[in-house]
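Student: Have a look; sequence and predicted model below, questions after that.
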Amino acid sequence: MRKLVLVAFLFFGSKTLFAQGCSDAGICSIDKGFDRETDSVRQVIETAVVYSLGEADVKYVSPYVAYTKHFSSKFSFTARVTYSTATGSFGTRSQFGDAFLIGNYRFKPKQQKQWSAMLGFKFPFTASNLKINGYSLPLDYQSSLGTIDVLAGTALKTGNFDWQLAVQIPVVNLNRNSYFSEYSGTTDFPSTNLFERKPDALFRATYTWQLPSRKLTFKPNVLFIYHLGEDTYENIFSKRVSIAGSDGLTVNINGLASYRLTKKQQLEVSVATPVVVRDIRPDGLTRSFVLGVSYQILF
């Protein structure tokens, strides 16, 4: 009964909170790189759609497709392509976001402990300067941050618990955003002209609870993300300026439920909301609520 109460709280009790979440930068969904099901599954095709609420009145519908190949019981590879539609007072803008290429390696288990390591890359489809009727848009309306990133991490499974530690480091900045809040008529979004984003560090703790039938699985988890420095932009005088308060900690509460429809089909529903936030989030990844539905074909 205590487990049912905990899961119900994680899935439903936190929906009224409004703060900063984490979305399309990539690091929050890094756990897909730690897929451990290799005994009977060699390939996975996944289609999903994510609905989320952002800063001011911005709403998002963000589908993606992913393919995972298990080359052996130790090594797997995942490719994922994202798309995003942002709708708000500025209008509606849709575009492909990023492509992710992630490799995962599982080490030999020892004393009921399973370590794995992950290395991946994120490639943008845009330079983060999408416009509506010729007007520059803040990063909240962009489908990508316009950076090539390296994602690296490690995971440890002990019993029903999973522990993950990872970093996401922008290595090539292709961002050409030209939004100035001074000329926009609103103070809802900070200036992000020629935006440069700092790296992120992540720690996630997950508990897995499976019903005896093994068809239904719950995974409540808590996610800590630390933004390693203040982001910067170029002001109207062509001077690079740090954005005070853009560094620091974000804590998200997440819940995931997966249901095995058949031996080769699986449905997942995920819910997330933040409880601790940074002072300012110029990267446009603010989410007060995230709901995702995923359909997977396993073969």
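Tutor: Sure thing, it's come through.
Student: Let's verify residue 140: helix, strand, or coil?
Tutor: At residue 140 the chain is in helix, as set by DSSP: H, G, I helix; E, B strand; the rest coil.
Student: brain fart, residue 182
Tutor: helix.
Student: Would you agree it is in contact with residue 235?
Tutor: No: in this structure residue 182 lies outside contact range of residue 235 using CB atoms under 8 Å: 9.1 Å. Yep, even glycine has a C-beta here, placed from its N, CA and C like the rest.
Student: shared neighbours of these two, anything?
Tutor: With contacts taken as CB atoms under 8 Å, 6 or more residues apart in numbering, residue 182 and residue 235 have residue 191 as neighbours in common.
Student: For those two, work out which one has more neighbours and name it.
Tutor: residue 235 (14 against 9; other CB atoms under 10 Å).
Student: Could you find the closest non-adjacent residue to the more buried one?
Tutor: Distances taken as CB to CB, 6 or more residues apart in numbering place residue 241 nearest to residue 235, at 5.1 Å, with adjacent residues excluded.
Student: Which positions within stretch 238-252 qualify as buried?
Tutor: Judged by neighbour count (16 or more other CB atoms under 10 Å), stretch 238-252 contains these buried residues: 243, 246-248, 250-252.
Student: Under the pLDDT cut-off, which ranges of the protein? List them.
Tutor: The chain contains residues with pLDDT under 70 at 1-39.
Student: For it, which segments count as helices?
Tutor: 2-8 (DSSP state H).
Student: wait, what's in contact with the spatially closest residue to residue 214 that is not a sequence neighbour?
Tutor: In space, residue 214 comes closest to residue 260 once its chain neighbours are excluded; the distance is 7.2 Å by CB to CB, 6+ apart. Residues near residue 260 by CB under 8 Å, 6+ apart: 214-216, 266.
Student: hmm, try it at 10 Å
Tutor: With contacts taken as CB atoms under 10 Å, 6 or more residues apart in numbering, residue 260 has the following neighbours: 213-217, 266-267, 296, 298.
Student: from these, which is closest to residue 47?
Tutor: residue 296 (8.1 Å; CB to CB).
Student: chain center to stretch 85-105: distance?
Tutor: 11 Å (CA atoms, centre = their mean, to the nearest Å).
Student: Which two among the contacts of residue 260 are spaced furthest apart?
Tutor: Longest span within the contacts of residue 260, CB to CB: 213 and 296, 18.3 Å.
Student: which one of those two has more residues nearby?
Tutor: For residue 213 versus residue 296, neighbours defined as other CB under 10 Å are more numerous around residue 296 (20 against 7).
Student: ok, for residue 190, nearest residue in space, not its chain neighbours?
Tutor: residue 282 (4.6 Å).
Student: That neighbour - how many residues pack around it?
Tutor: Counted with other CB under 10 Å, residue 282 comes out at 26.
Student: Likewise for residue 91?
Tutor: 13.
Student: Please name the bridge partners of it.
Tutor: Going by DSSP bridges, residue 91 is paired in beta bridges with residue 88.
Student: separation between it and residue 137?
Tutor: Residue 91 is 8 Å from residue 137, where distance means CB to CB, to the nearest Å.
Student: which residues do these two both contact?
Tutor: residue 131.
Student: surely residue 198 meets residue 247?
Tutor: Yes: counting by CB atoms under 10 Å, residue 247 is a contact partner of residue 198 at 6.8 Å.
Student: Give me the common contacts of the two.
Tutor: 227-231.
Student: So which of the residues you listed is the closest to residue 111?
Tutor: Closest to residue 111, out of all of the shared contacts of residue 198 and residue 247 and judged by CB to CB, is residue 228, at 33.3 Å.
Student: Just give the closest residue to that closest one, not the sequence neighbours.
Tutor: Nearest to residue 228 is residue 199, by CB to CB, 6+ apart, at 4.8 Å.
Student: residues contacting that neighbour?
Tutor: 27, 149-150, 167-171, 226-229.
Student: Could you give the number of residues near residue 41?
Tutor: The burial count for residue 41: 17, using other CB under 10 Å.
Student: That one reaches residue 265, doesn't it?
Tutor: No: applying CB under 10 Å as the test, residue 41 and residue 265 come out as separate, 11.6 Å apart.
Student: Residues that sit against both of these two, list them.
Tutor: What both residue 41 and residue 265 touch, as defined by CB under 10 Å, 6+ apart, is the set 296, 298-299.
Student: what would the residues you listed look like in JSON lines with distance to residue 68?
Tutor: Formatted as JSON lines, the shared contacts of residue 41 and residue 265 follow (distance: CB to CB, whole Å):
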{"residue": "296", "distance to residue 68": "9"}
{"residue": "298", "distance to residue 68": "9"}
{"residue": "299", "distance to residue 68": "11"}
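Student: Since that was my last question, I'll sign off now.
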